[in-house]
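Peer 1: Just to be clear, the model below is a prediction. Sequence and coordinates:
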Amino acid sequence: MTADSFAKVFLAAATVLAVSSSSVSAQDLRCERGDIELRGLEFSGNQAFTAAELSNVIVTTPSGWARRYFNIPFSPKRCLNRTEFANDRLRLILFYRRRGFPRVTVDTATALDGAGGATVHFTIAEGTATPLVALSITGIEQAARAGRVLRDLPIKAGDRFDRAKIDMAVDTIARRLRDAGYPGARVDNSYTTHPADGSDSTVLVAYDTMTIRTGAFTRVGAVRVAVEPAPHHTQQISNGAVRRLVGIDSGHIYRERLIVDAQRDLYETDAFAHVSMTLDTTHLTAIGTDSVMAPLDVSLVENLMHAAQAGLGYGTLDCFRATAELADYNFLGDARRLDVQGRISKIGIGKPLDGASGFCPQARSDPYSTRLNYYLGATLRQPVLLGLRTVPSITAYTSRVSEYNAYVRTTIVGGIATVGWTPTRRSTFQLSYTLDYGRTEAQPALFCAVFNLCTINDQQRVQRNQRLGVLSGVFTHDWSDNAVMPTRGGIARFEARHSSSVVLSDSGLHFNTLLGDLSRYISLGGGTVLALRVRGGSVFGNGFIPPQERMYAGGPTTVRGYPQNELGAVTYIAGAYDTVRKEINPVSHDSVTTYEVRNGAYRRAVPVGGNSLVVMNAELRFRSPFLSDLLQFGIFEDAGDVWDRGSVFENFQLKFTPGVQVAALTPVGPVRVILGYNPYQRPSGPIYFENSAAAGGQLLCVSPNNELSVDASGQQASGQCSAFTPLQSRSFRSRLTLSLAIGQAF
């Protein structure tokens, strides 16, 4: 078969596809009276491509899975469109021929089933694949960095003659050349096919040639800026400021990637409604025998320079919450951005805006949700620093933020200085310095059990206002295909934090933290995604490590079989205790008094956290068989532990919790309902009774059989509080953990 005859066949098939393109885009398989419902779709004979891949090529689609198998009425119903069914045969032939199977044949059949519907069947005889015997690339010899331009192309000699991959290779070469100083680069492609030597004439081999025309090596000439102001306004941002934002000067090598990055950076200032950057190739200046300079035209339309927004929301742990933001996109000129933000949460349960009885039962049980959480801050962002795209920012704020059942952090005044850097399109590095003056209040039981601070004086000392300085660096590499619902690629994130006197922390607040997180997304076809993650970290420090710097896990984004933060060690709080007198001397009948938890019951658990963390997640996400555009199902297996590192893997034991979840796809992201199964008993830990402040605020150990005596005045002797093992139901229902969250777990 010659190249001309092959091209004619290809052109004929493409014409058929073009004629039916409106039907393909509409996919009109709606059912009218008398139509036959399509209840099954089958492929046979396909070896090179899966049924899921072939299903994406054609229009014919069966009714929803739930309707076919369970006759659920609101699942999508689709009927057989005989015109599109016939065209689907041609679509499959065209698809196979483009992918290197010129002799493919496709037969179709329709069979009625007992349910009043039909099953369609495509029988495919792929034939012998055409190999690409030789791939010749010419015209690249004089280009700069020719080896980098041709590296790792999607096709090479010896592969199947796949036209789709050849087109990808052509696009890749042209894009790389445009990034290397050749804006006019063109790549022309031609091929021939011939019968294989010494074999049957129906067996073909292919030869492909890519001819590259690089054009002149080009540098940027004059950068010409034209700014159109917003309607009824004068120009706000000067041309000089725009040039600094663009960051491309006269004499720079033309790189298409830098043009795209500059456009994105201009849009991200929110100061411009439209951005256009084009190279004027009609006015070239020769600077050598094969090099030219071309002007760069930057055309902008300014936005309004001020914006305001507000929002209301509800969360399981935050109760009702409100946010407000004011933005100035040209503060003091040069496109500096000033954002003033305010947030309050715990509305309805936190004083002084409490009183919403019946709402937020989980948050209401948290002792640190009795006061409003708030944040008020102002952030100034400088888009360019010293000509570099580092996006520095400075924030001043005051806040109160609590962690469920663990602590509350009140910052009287704080500041954050941040410098962001984007070394590549998918990588970012952020260096931050935080200095705040405030205090951390935590459960007395947590201070006693974790930090061995069991007296009121010791606890008050660490909860007074102190200065905390933290220097941190975060590196993120994101090669996922979607920020909200990724289906392929992955995300890697690494963080390091340091606090010491060198960064102005008080002497008792010294620590170092390392934390890493790696996620991977694998598309399995048909909307099914396998999501994997591993996360680990450790805190090192000789002094007091603030509770907010300890590591926690458990909840809808980590190990979902556990409630929020309750993976790892916990300390229990008793609701009541009994006074127990134990006889010591059988002769003198001397006795000692101790306290023990009443009825072996506890009121709540206080997460202790740890200085070491490991979390692993495996999740299979797939489209719902009904309402597939709205719902996504998932099954998962989570594993992890949080522990205090004393010796190698001290108290370390991976906990495995499987579960299921349903996600509703909304404009704010997937809203998930999660049901995790926890096969483990609650861990043993000390149990305390907290006296009210009016009663002296004493923390009393009430573990069963503890040996801490109580004197006549009610003062308990100091010492280690023994372990308490809570009673727990062994029923299946009691081992389920239900939670609600917005956004994917990872």
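Peer 2: Looks like it came in fine. Numbering: from 1, shown residues only.

Peer 1: biggest strand in this structure, by residue count?
Peer 2: Under DSSP state E, the strand in the chain containing the largest number of residues is strand 407-424.

Peer 1: hey, where'd the helices end up in the chain?
Peer 2: In the chain, the helices defined using DSSP state H lie at 3-19, 21-26, 51-55, 65-70, 82-98, 146-149, 163-178, 239-246, 256-268, 361-364, 444-451, 456-462.

Peer 1: Which of those helices sits closest to residue 523?
Peer 2: Of all those, helix 51-55 sits nearest to residue 523, with 10.0 Å by C-beta to C-beta. C-beta: built from backbone N, CA, C; applies to glycine.

Peer 1: any idea where the strands of the stretch 201-350 of the chain begin and end?
Peer 2: Counting by DSSP state E, counting those that start in this stretch, residue ranges of the strands within the stretch 201-350 of the chain are 204-213, 217-228, 272-279, 285-286, 291-302, 306-315, 319-328, 337-347.

Peer 1: Give the buried residues for the first one.
Peer 2: Okay, so that is strand 204-213. Of all the residues in strand 204-213, those buried under the rule 16 or more other C-beta atoms under 10 Å are 204, 205, 206, 207, 208, 210, 212.

Peer 1: Also stretch 342-350?
Peer 2: Of the residues in stretch 342-350, those buried by neighbour count under the rule 16+ other C-beta under 10 Å are 343, 344, 345, 346, 347, 348, 349, 350.

Peer 1: quick one: which of the residues you listed is nearest to residue 730?
Peer 2: Looking across these and measuring by C-beta to C-beta, the closest to residue 730 is residue 349, at 33.2 Å.

Peer 1: Against residue 565, how distant is that closest one?
Peer 2: From residue 349 over to residue 565 the distance is 19 Å, taken as C-beta to C-beta, to the nearest Å.

Peer 1: Using pLDDT, spot the least trustworthy of the buried residues of strand 204-213.
Peer 2: Comparing pLDDT over the buried residues of strand 204-213, residue 204 scores lowest. The value there is 89.

Peer 1: Test my guess that that one contacts residue 102.
Peer 2: Yes. Distance between residue 204 and residue 102: 6.0 Å, which falls inside the contact criterion (C-beta atoms under 8 Å).

Peer 1: sorry, back to before: tell me the one of the buried residues of stretch 342-350 nearest residue 257?
Peer 2: Minimum distance to residue 257 across those is 37.0 Å, recorded for residue 343 (C-beta to C-beta).

Peer 1: okay but that closest one is in contact with residue 322, surely?
Peer 2: Yes. Counting by C-beta under 8 Å, residue 343 sits close enough to residue 322 to count as a contact (7.3 Å).

Peer 1: of the strands of the stretch 201-350 of the chain, which approaches residue 551 most closely?
Peer 2: In terms of C-beta to C-beta, the element of the strands of the stretch 201-350 of the chain nearest to residue 551 is strand 306-315, at 22.2 Å.

Peer 1: Return the residues in contact with the residue lying closest to residue 209 once chain neighbours are set aside.
Peer 2: The spatially closest residue to residue 209, leaving aside those adjacent along the chain, is residue 136, at 4.6 Å (C-beta to C-beta, 6 or more residues apart in numbering). When contacts are counted by C-beta atoms under 8 Å, 6 or more residues apart in numbering, residue 136 touches 207, 208, 209, 210.

Peer 1: What of residue 711?
Peer 2: The neighbours of residue 711, taking C-beta under 8 Å, 6+ apart as the test, are 593, 717.

Peer 1: As a quick check, tell me the outermost residue of the chain.
Peer 2: When each C-alpha in the chain is compared with the mean C-alpha position (C-alpha atoms, centre = their mean), residue 587 comes out farthest, at 70.1 Å.

Peer 1: ok, so what distance separates it from residue 594?
Peer 2: Between residue 587 and residue 594 the computed distance is 21 Å (C-beta to C-beta).

Peer 1: got it, and residue 480?
Peer 2: For residue 480, the distance to residue 594 equals 57 Å [C-beta to C-beta].

Peer 1: between these two, which one's more packed in?
Peer 2: For residue 480 versus residue 594, the count of surrounding residues by other C-beta atoms under 10 Å is larger for residue 594: 24 against 17.

Peer 1: Pull the number of nearby residues for the closest residue to the more buried one other than its chain neighbours.
Peer 2: The shortest distance from residue 594 to any residue other than its chain neighbours is 5.1 Å, reached at residue 580 (C-beta to C-beta, 6+ apart). Summarising burial for residue 580: neighbours were counted as other C-beta under 10 Å, giving 16.

Peer 1: quick one: residue 580 and residue 723, what's the gap?
Peer 2: To residue 723, residue 580 is 17 Å away according to C-beta to C-beta.

Peer 1: can you pull the buried residues of stretch 47-65?
Peer 2: By neighbour count, with 16+ other C-beta under 10 Å as the criterion, the buried positions of stretch 47-65 are 48, 49, 54, 55, 58, 59, 60, 62, 63, 64, 65.

Peer 1: From these, which shows the smallest pLDDT?
Peer 2: Sorting these by confidence puts residue 65 at the bottom, with a pLDDT of 71.

Peer 1: wait, doesn't it sit right on residue 625?
Peer 2: Yes. Applying C-beta under 8 Å, one finds residue 65 in contact with residue 625, separated by 3.3 Å.

Peer 1: between the two, what contacts are shared?
Peer 2: For the pair residue 65 and residue 625, residues contacting each of them under the criterion C-beta under 8 Å, 6+ apart are residue 75.

Peer 1: Now do the domain split for the chain, please.
Peer 2: What automatic domain parsing lists as the domains of the chain is 3-125, 132-213, 217-302.

Peer 1: Quote the end-to-end distance of the second one.
Peer 2: Domain 132-213 has an end-to-end distance of 23 Å (criterion: C-alpha to C-alpha, to the nearest Å).

Peer 1: Now do the same contact list for residue 370.
Peer 2: Applying C-beta under 8 Å, 6+ apart, we find residue 370 in contact with 349, 350, 351, 354.

Peer 1: For residue 639, see how far away the last one is.
Peer 2: Look at residue 354 and residue 639: by C-beta to C-beta, they are 39 Å apart.

Peer 1: need the helix or strand of the chain with the lowest average pLDDT.
Peer 2: Averaged element by element with mean pLDDT, DSSP states H and E, the chain has its least confident helix or strand at helix 21-26 (a mean of 39).

Peer 1: Give me the distance from stretch 537-549 to the chain's centre.
Peer 2: From the chain centre to the centre of stretch 537-549 is a distance of 26 Å (C-alpha atoms, centre = their mean, to the nearest Å).

Peer 1: Looking at that stretch now, give me its mean pLDDT.
Peer 2: Confidence over stretch 537-549, taken as the mean pLDDT, stands at 83.

Peer 1: for stretch 621-631, same thing?
Peer 2: Model confidence over stretch 621-631 averages 79 on the pLDDT scale.

Peer 1: now do stretch 151-164
Peer 2: Rounded mean pLDDT across stretch 151-164 is 93.

Peer 1: which residues sit against it?
Peer 2: Counting by C-beta under 8 Å, 6+ apart, the neighbours of stretch 151-164 from elsewhere in the structure are 48, 98-100, 129-135, 165-166, 168-169, 172-173, 191, 193, 206, 208.

Peer 1: Buried only: go through these for me.
Peer 2: Neighbour counting by 16+ other C-beta under 10 Å classes 48, 98-100, 129-133, 135, 165-166, 169, 172-173, 191, 193, 206, 208 among these as buried.

Peer 1: and the nearest residue in space to residue 46 that is not next to it in sequence, how far is that from residue 52?
Peer 2: Once flanking residues are discounted, residue 46 sits nearest to residue 124: 5.0 Å by C-beta to C-beta, 6+ apart. For residue 124, the distance to residue 52 equals 14 Å [C-beta to C-beta].

Peer 1: Also residue 383?
Peer 2: Computed as C-beta to C-beta, the residue 383 to residue 52 distance reads 45 Å.

Peer 1: what number of residues lie near residue 289?
Peer 2: Other residues within reach of residue 289 by the criterion other C-beta under 10 Å amount to 6.

Peer 1: can you pull the contacts of it?
Peer 2: Neighbours of residue 289 in contact, by C-beta under 8 Å, 6+ apart: none.
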